[in-house]
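1. Have a look at this prediction, sequence included:
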Number of protein chains: 2
Amino acid sequence: MKLLEDRIRQDGQVLGADVLKVDSFLNHQVDPDLMTALGEEFYRRFQGVPITKILTVESSGIAPALATGMAFHKPVVFARKHKSLTLKDHLYTAEVYSFTKKTANTIAIAEKFLTAADHVLVIDDFLANGQAVEGLLDIIQQAGATLEGVGVVIEKRFQKGRKLLDDRHIHTEALASIAAFENGQVVFSPDEKEQA
Amino acid sequence: MKLLEDRIRQDGQVLGADVLKVDSFLNHQVDPDLMTALGEEFYRRFQGVPITKILTVESSGIAPALATGMAFHKPVVFARKHKSLTLKDHLYTAEVYSFTKKTANTIAIAEKFLTAADHVLVIDDFLANGQAVEGLLDIIQQAGATLEGVGVVIEKRFQKGRKLLDDRHIHTEALASIAAFENGQVVFSPDEKEQA
């Protein structure tokens, strides 16, 4: 998505070998007009898929997931970390390991918000090693719900997350796909889904 | 706001003496169309105020704050908890005590996202004892920014948060104002701001 790639080139910061910092428009400060555009683009790419629910993880996933929910007019559920839910909520849980923080977190969703009748679109800000998305897929399976696809704002295609999803034949859409970082610059994969 | 009061009556759950659970549409599962309506209502109530930035706290504040940012077409900054920012980010920080969880959290905002030139609208999901909002006001003061107002989706008017803000002559808007809980039912304060 050219709008997003341009924004990453303009405002993203490459740190070290494989970190892209986009905290000025995506995950600390958020550009709402950009979020609206991202949500509409996810809608375009998953149009015709019978989505009943958008699923994400707090906190950075909430903004793009909400914008996508606005485009689909479907509820958004965000999995919670840090025991902010209680056991009496009847939870689905999964363990998520963070390579960035080198810690494991439990993520949880109240059972009542995900059922076997649901067709789920998973949305997240980043796809790197795929740990957060795998946690959500685990929860979707526990609920007996149907996974319809995964949409990520930015993927680092050289890390293992995308391959994990492709190997499982999951319909995955990344609005910006980073092939590599070279000399502190972002190299994008060709975008075959760009609108003419 | 009648739309919101109706939704609270329909889907909210009163637990114990003073807890209202709205996790089916506000802070675990989120209704995007309702968020759009809330954002537009905050815009209506603060129209003409020269807002440059919307400020909130992760995670539950993000959805209503983003919807409000969409209505204003202004950036949203969410303060982070749990050390997900690093010290080299040059942070403003504040301590926030949670009466619900009986723990203190540090919230933080990178200095570059809040400056003396900013006119800030604080948005949050709940106003109860006002601890989270006070943490944000502390940060706004550190930045030398101008506080233009506080908008909360739901206030529990019988707790001390609203009085704290009124005593400081802060323009505060609550889209639903709970006067009391009686026999497991929500009693709303009269809504003087409802559109005819």
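-> Good, I have the coordinates. Numbering: from 1, shown residues only, chains lettered A, B, ... in the order given.
2. List of residues touching whichever strand or helix holds residue A:67?
-> Using DSSP states H and E, residue A:67 falls within helix A:62-72. The contact list for helix A:62-72, computed with Cβ atoms under 8 Å, 6 or more residues apart in numbering or on different chains, reads A:26-27, A:30, A:35-36, A:38-40, A:42-43, A:51, A:54-56, A:75-76, A:78, A:121, A:123-125, A:151, A:153, B:30, B:32-33, B:35-36, B:59, B:62-63, B:66-67, B:76. To be clear about C-beta, it is placed using only N, CA and C from the backbone, and glycine gets the same treatment.
3. Number of residues surrounding residue A:9?
-> 12 (other Cβ atoms under 10 Å in any protein chain shown).
4. from what I can see, it looks like it's in a strand, true?
-> No. Using DSSP: H, G, I helix; E, B strand; the rest coil, the assignment for residue A:9 is helix, not a strand.
5. What distance do you get for it to chain B?
-> Distance of residue A:9 to chain B, given as Cβ to the nearest Cβ, to the nearest Å: 19 Å.
6. got it, and residue A:12?
-> Residue A:12 sits 14 Å away from chain B, going by Cβ to the nearest Cβ.
7. picking that back up, CA atoms of the helix holding residue A:67 as CSV?
-> This file holds the C-alpha atoms of helix A:62-72, laid out as CSV (Å, rounded to 0.1, in the frame of the first residue of the first chain):
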residue,chain,number,x,y,z
ILE,A,62,-6.3,-2.1,18.8
ALA,A,63,-6.1,1.0,16.5
PRO,A,64,-5.8,-0.9,13.2
ALA,A,65,-8.3,-3.5,14.4
LEU,A,66,-10.9,-0.9,15.3
ALA,A,67,-10.5,0.9,12.0
THR,A,68,-11.0,-2.4,10.3
GLY,A,69,-14.0,-3.2,12.4
MET,A,70,-15.4,0.2,11.4
ALA,A,71,-15.0,-0.7,7.7
PHE,A,72,-16.7,-4.1,8.2
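8. quick one: whichever helix or strand comes after it near chain B?
-> Going down the chain from helix A:62-72, the next helix or strand is strand A:76-79, by DSSP H and E. Yes. Judged by Cβ under 8 Å from any Cβ of the partner chain, strand A:76-79 comes into contact with chain B through A:76, A:77, A:78.
9. In terms of secondary structure, what does strand A:76-79 contact?
-> strand A:53-57, helix A:62-72, strand A:103-110, helix A:131-143, strand B:29-30 (3 or more Cβ pairs under 8 Å, 6 or more residues apart in numbering or on different chains; DSSP states H and E).
10. Would you single out the least confident of these?
-> Mean pLDDT is lowest for strand A:103-110 among the helices and strands packed on strand A:76-79, at a mean of 92.
11. How about the following helix or strand past it and chain B, touching?
-> Sequence-wise, the next helix or strand downstream of strand A:103-110 (DSSP H and E) is strand A:119-127. No. Strand A:119-127 does not reach chain B (Cβ under 8 Å from any Cβ); its nearest approach is 11.8 Å.
12. what do you get for stretch A:33-51?
-> Yes. Using Cβ under 8 Å from any Cβ, stretch A:33-51 reaches chain B at A:33, A:35, A:36.
13. and the second one, helix, strand or coil?
-> Local secondary structure at residue A:35 is given as helix here, using three-state DSSP.
14. tell me, how many neighbours does the closest residue to it other than its chain neighbours end up with?
-> Excluding the flanking residues, the one nearest residue A:35 by Cβ to Cβ, 6 or more residues apart in numbering or on different chains is residue A:67, at 4.0 Å. Neighbour count of residue A:67, defined by other Cβ under 10 Å: 30.
15. so what's the residue most central in space within chain A bridging to?
-> The centre of chain A sits closest to residue A:124, judged by Cα atoms, centre = their mean, with a distance of 1.4 Å. Listed by DSSP bridges, the beta-bridge partners for residue A:124 are residue A:152.
16. Same check on residue A:107?
-> Here residue A:107, judged by DSSP bridges, has bridge partners residue A:94.
17. re earlier: make TSV out of the residues of strand A:76-79 next to chain B and add pLDDT and neighbour count.
-> Shown next, in TSV, are the residues of strand A:76-79 next to chain B (pLDDT from 0 to 100; neighbours: other Cβ atoms under 10 Å in any protein chain shown):
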residue	pLDDT	neighbour count
A:76	98	28
A:77	98	24
A:78	98	27
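18. Redo those as JSON lines? Include distance to residue A:187.
-> What follows is the residues of strand A:76-79 next to chain B, written out as JSON lines (distance: Cβ to Cβ, whole Å):
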{"residue": "A:76", "distance to residue A:187": "32"}
{"residue": "A:77", "distance to residue A:187": "35"}
{"residue": "A:78", "distance to residue A:187": "32"}
